[in-house]
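K.L.:
Provided below are the primary sequence and the corresponding predicted coordinates.
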Amino acid sequence: MDLQKSPAEPPARPPAQAPAGCLVVAVRLPVRIVVLVLVLPVRMAWDALVVVGRLLRDTVLRPVGRGLLWLGKALFVWPLIGLWRYVVVPLGRALGRLGNLLLVVPAVWIHRYVLAPVGRGLAWVYARVLTPVGLAVLWLVKGICVGAYTGVAWLARYLVVVPARWVHEWVLAPVGRAIAWCARGVGWFLGVLVNGIGVALYWTARVLVVLPAVALWRWVLVPVGRVLAVVAREVGDALGHAWRIAGRISLAVGRFLGTLFRWIFVEPVRWVYRTVLTPVGHVVRDAVLRPAARAARSVSRATRQALATARETARQARADVRRMLFGEPEQREAVVRREPSADETRTLGSSTTALTKD
């Protein structure tokens, strides 16, 4: 066993970037400075708009949207749900039952007791009468058609086919072979002529158009394109770099303004609330509000007692007036309603009901 540790391998270094050329170095710094100066106001304005938009969304748009959503439900959704549930659905069920009674039941009865018997009778007539007559007529027509076809085919063979075959074999075929041989000769001549013209035009176009275009592409357009590509790449990198730097600057400015606003407005308001308004509020609560609440409760309690006394006095006055006008009411005999005690519990032998009492 190898007890010696192998030396730690050095960490892999990132691949070194290719050194930039003099053109790239000469273009990069001025472009980044100019782009940063142009992008910084745009980024700060964008961040300010984002902050204002979030504030409006949280304080205005979201509550207004919730209110509009509730209003829309109250004005449209809930009435439509009630209309569907309590008007359309019962009306649809009633119309369905009415349609079943007025249309489906009569149609089923007509189909079962009228159309089905008539259809069975027509099927019997078709199978027993029309089918044999049709087969006989078909056999007769088939025989007539076969005889006519045989006669017409014989006449067509000897009056049309045989003469046409002779004309094709001894007249048209030789003439066609001669015309084809002439066409092949003319085609060969035209092919040779077109080939010569094409070669001449190819070399003319190559010398007058292709070679100058290749030279223009190789010695003018490619170098100019490379320079423009370097400039465009540097401008794009500068825009991204400037946007990130402007974002950091905008964040620092926003934090500074937030801190300044907190120390100028928020902290004084908090200090005034803690050191002035809170003690004053406690004093007002202990010295004014709580005694006023206790006094209001005592006044309410006295008012309730006075109202209860007045109601009791009015009730007694009405009872006295009724007694003076109509006399004392008849006293009903008191009926003792009680359950038997533990010693007098109900059993089968000693019933306490009126029907079984001795």
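P.N.:
On my side now, so go ahead.
K.L.:
Now do the contacts for W139.
P.N.:
For W139, the contact set (CB atoms under 8 Å, 6 or more residues apart in numbering) is empty. Every C-beta, even on glycine, is put in place using the N, C-alpha and C of the backbone.
K.L.:
Quick check: N100 vs A164, distance?
P.N.:
N100 sits at a distance of 73 Å from A164 (criterion: CB to CB, to the nearest Å).
K.L.:
hmm, I was thinking of E234
P.N.:
Remark: distance between E234 and A164 (CB to CB) = 85 Å.
K.L.:
try A308
P.N.:
Separation of A308 from A164 (CB to CB): 133 Å.
K.L.:
on that earlier part again, looking at E234 and A164, which has the bigger crowd around it?
P.N.:
Neighbour count, other CB atoms under 10 Å: between E234 and A164, E234 has more, with 22 against 11.
K.L.:
Over to stretch 208-217 now: how far is its first residue from its last?
P.N.:
Between the start and the finish of stretch 208-217 there is a gap of 15 Å, counting by CA to CA, to the nearest Å.
K.L.:
One more: stretch 282-295?
P.N.:
End-to-end distance for stretch 282-295: 19 Å, by CA to CA.
K.L.:
Show the low-confidence segments of the protein, by residue range.
P.N.:
Applying pLDDT under 70 to the chain flags residues 1-28, 325-358.
K.L.:
so where's the longest helix in it?
P.N.:
Using DSSP state H, we find that the single longest helix of the chain is helix 222-261.
K.L.:
quick one: that one to chain centroid distance?
P.N.:
Its chain's average C-alpha position is 38 Å from that of helix 222-261, according to CA atoms, centre = their mean, to the nearest Å.
K.L.:
Please identify the buried residues of it?
P.N.:
Judged by neighbour count using 16 or more other CB atoms under 10 Å, the buried positions of helix 222-261 are V230, E234, V235, A238, L239, H241, A242, W243, I245, A246, G247, S250.
K.L.:
mind checking which helix or strand W139 is in?
P.N.:
Applying DSSP states H and E as the criterion places W139 in helix 131-156.
K.L.:
Quick one: name whatever helix or strand follows that helix.
P.N.:
helix 162-167.
K.L.:
The chain: helices as residue ranges?
P.N.:
Using DSSP H, helices in the chain cover 22-56, 62-72, 78-83, 89-99, 105-110, 116-125, 131-156, 162-167, 173-205, 211-216, 222-261, 267-272, 278-284, 290-326.
K.L.:
which residues are contacting the fourth one?
P.N.:
Helix 89-99 is touched from outside by no residue, with contacts defined as CB under 8 Å, 6+ apart.
K.L.:
Can you get me a residue count around V34?
P.N.:
13.
K.L.:
State the distance from it to W243.
P.N.:
For V34 relative to W243 (CB to CB), the value is 14 Å.
K.L.:
still on that earlier bit, how big is the angle separating the longest helix of the chain from helix 22-56?
P.N.:
For helix 222-261 against helix 22-56, the angle by axes from the mean of the first three to the mean of the last three CA atoms, to 10 degrees is 40 degrees.
K.L.:
Remind me what helix 222-261 packs against, helices and strands.
P.N.:
In terms of contacts (3 or more CB pairs under 8 Å, 6 or more residues apart in numbering; DSSP states H and E), helix 222-261 is packed against helix 22-56.
K.L.:
starting at the chain centroid, how far to the helix it packs on?
P.N.:
Its chain's C-alpha centre and that of helix 22-56 lie 37 Å apart, by CA atoms, centre = their mean.
K.L.:
List the buried residues of that helix.
P.N.:
If you call a residue buried by 16+ other CB under 10 Å, then helix 22-56 has these buried ones: V27, R28, V31, R32, V35, L36, V39, L40, R43, M44, D47.
K.L.:
Just give me the closest of those residues to R206.
P.N.:
V27 (38.9 Å; CB to CB).
K.L.:
Just give me the neighbour total for L190.
P.N.:
Counted with other CB under 10 Å, residues neighbouring L190 total 10.
K.L.:
where's it relative to A183, distance?
P.N.:
10 Å.
K.L.:
now do L216
P.N.:
On the measure of CB to CB, L216 and A183 end up 46 Å apart.
K.L.:
Next: L260.
P.N.:
In terms of CB to CB, L260 sits 98 Å off from A183.
K.L.:
With R311 instead?
P.N.:
Relative to A183, and taking CB to CB, R311 is found at 132 Å.
K.L.:
ditto for A213
P.N.:
As judged by CB to CB, A213 and A183 stand 41 Å apart.
K.L.:
How about V162?
P.N.:
31 Å.
K.L.:
List the contacts of Q305.
P.N.:
Contact analysis of Q305 by CB under 8 Å, 6+ apart lists nothing.
K.L.:
how much space between it and L56?
P.N.:
57 Å.
K.L.:
same check, this time on R262
P.N.:
Distance from R262 to L56, counting by CB to CB: 21 Å.
K.L.:
same deal with I249?
P.N.:
In terms of CB to CB, I249 sits 24 Å off from L56.
K.L.:
same question, A94
P.N.:
From A94 to L56 the distance is 52 Å (CB to CB).
K.L.:
One more: G119?
P.N.:
From G119 over to L56 the distance is 76 Å, taken as CB to CB.
K.L.:
next one: D47
P.N.:
Note on D47: its distance to L56, by CB to CB, is 15 Å.
K.L.:
Contact partners for the residue positioned nearest the centre of the chain?
P.N.:
By CA atoms, centre = their mean, the chain has its centre lying nearest to L69, at 17.7 Å. With CB under 8 Å, 6+ apart as the criterion, no residue contacts L69.
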